[in-house]
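no FASTA, just this:
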């Protein structure tokens, strides 16, 4: 109900308005707020883990590449073919 | 400030219950930093109403206030290890809540501008006018024109003034507490509040217009 005794814009009206603002029923979160915070934390944690997976992937690729390079260099370490004893056919041809 | 709502800080004249609240918060922080789930639950239950209410006061949307409140507690959980206790726990939480709420508001405003721009180019058929906001419980219950008008004008104040006004008149924080949240001086808070009141009173005295 309006108060006709209050002059519009007066100090009393302003104070009354601020009083109304303070007395307003407080807004509250819906029930089970904590459960929703926990769910959000879990979601964020899983998405972070997913992001980390992508970060790790290039590392795996680089590791695989290094392994491939190491394997491909094995030929240089093998004994040279000249050191092997000549086959009988080669011996016949040489004579 | 009621003792049931502890807001401790190193003030010149602390409330009688402030010391107890400060030590309770310090203990809670210590437990949180050790990874205690129970402490986190206690913190959320202790502060959820205040954080939600602060966000709601700045955004006037239940959905956005819920989002901001959740973000605040998630951030607390993730960064509590870095909390050094130079300010009160409540100050830290209010600071997170107000900055996050303002961030949401800026994002919403940018979205609105983008929607307006795309509608000008004819990309979509979105409605451009502001949807009527009848969300405030008091305005809903009693249909008070004056209060509704006041809330609408509070929403149009510059960010810092709005935060100061809301924390003072809706959360009933002291000037010192508001200064701590805004990381400014008490004199600056007084100035912000003075300008906010002046603007609001000027708008409320003006003949009623479309809000």
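Great, that's in hand. Values in this document were obtained by computation on a predicted structure and should not be read as measured data. Residues are numbered from 1 along each chain as shown, chains lettered A, B, ... in the order given.

Do you have the helices of chain A handy? List them.
A:11-23, A:33-72, A:88-94 (DSSP state H).

what comes up buried for the longest one?
By neighbour count, and taking 16 or more other CB atoms under 10 Å in any protein chain shown as the criterion, the buried residues in helix A:33-72 are A:33, A:34, A:36, A:37, A:38, A:40, A:41. Using the backbone N, CA and C atoms, a C-beta is placed for each residue, glycine as well.

hmm, back to that, may I see the helices of chain A arranged in JSON lines, with mean pLDDT as well?
Shown next, in JSON lines, are the helices of chain A (pLDDT from 0 to 100):
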{"stretch": "helix A:11-23", "mean pLDDT": "88"}
{"stretch": "helix A:33-72", "mean pLDDT": "80"}
{"stretch": "helix A:88-94", "mean pLDDT": "63"}
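
And the ones you listed: which comes nearest residue B:192?
helix A:11-23 (16.0 Å; CB to CB).

just checking, what packs against the biggest helix by length in chain B?
Counting by DSSP H, the longest helix found in chain B is helix B:89-120. If you count contacts as 3 or more CB pairs under 8 Å, 6 or more residues apart in numbering or on different chains; DSSP states H and E, helix B:89-120 packs onto helix B:18-33, helix B:37-59, helix B:62-79, helix B:159-169, helix B:175-182.

Repeat the analysis, applying 6 Å as the threshold.
helix B:37-59, helix B:62-79, helix B:175-182 (3 or more CB pairs under 6 Å, 6 or more residues apart in numbering or on different chains; DSSP states H and E).

tilt between the last one and helix B:159-169?
What separates the directions of helix B:175-182 and helix B:159-169 is an angle of 140 degrees, with axes from the mean of the first three to the mean of the last three CA atoms, to 10 degrees.

chain center to helix B:175-182: distance?
Offset of helix B:175-182 from its chain centre (CA atoms, centre = their mean, to the nearest Å): 12 Å.

what's the residue closest to the geometric middle of chain B?
In chain B, the centroid-proximal residue (CA atoms, centre = their mean) is residue B:54; its distance is 3.2 Å.

That one contacts residue B:97, doesn't it?
Yes - counting by CB atoms under 6 Å, residue B:54 touches residue B:97, with 4.6 Å between them.

Quick check: neighbours shared by these two?
The contact sets of residue B:54 and residue B:97 do not overlap (CB atoms under 6 Å, 6 or more residues apart in numbering or on different chains).

Next, the contact list for residue A:67, please.
By CB under 6 Å, 6+ apart, residue A:67 has no neighbours at all.

How is chain B divided into domains?
B:16-107, B:133-206 (automatic domain parsing).

Quick check: buried residues in the longest helix of chain B?
In terms of neighbour count (16+ other CB under 10 Å), helix B:89-120 has its buried residues at B:89-102, B:104-105.

Around residue B:25, count how many other residues there are.
By other CB atoms under 10 Å in any protein chain shown, 22 other residues sit near residue B:25.

Make sure it is actually in contact with residue B:89.
Yes - Residue B:25 is within contact range of residue B:89, at 4.1 Å (criterion: CB under 6 Å).

Just checking, which helix or strand succeeds the helix or strand of chain B with the lowest mean pLDDT along the chain?
Across the helices and strands of chain B, mean confidence by mean pLDDT, DSSP states H and E is lowest for helix B:137-142: a mean of 52. The element immediately downstream of helix B:137-142 (helix or strand, assigned by DSSP states H and E) is helix B:145-154.

Quickly check: that following helix near chain A or not.
Yes - counting by CB under 6 Å from any CB of the partner chain, chain A has neighbours in helix B:145-154: B:146, B:147, B:150.

is it true that the second one touches residue A:22?
Right, the one you point to is residue B:147. No - the pair residue B:147 and residue A:22 does not pass the contact test of CB under 6 Å, sitting 10.9 Å apart.
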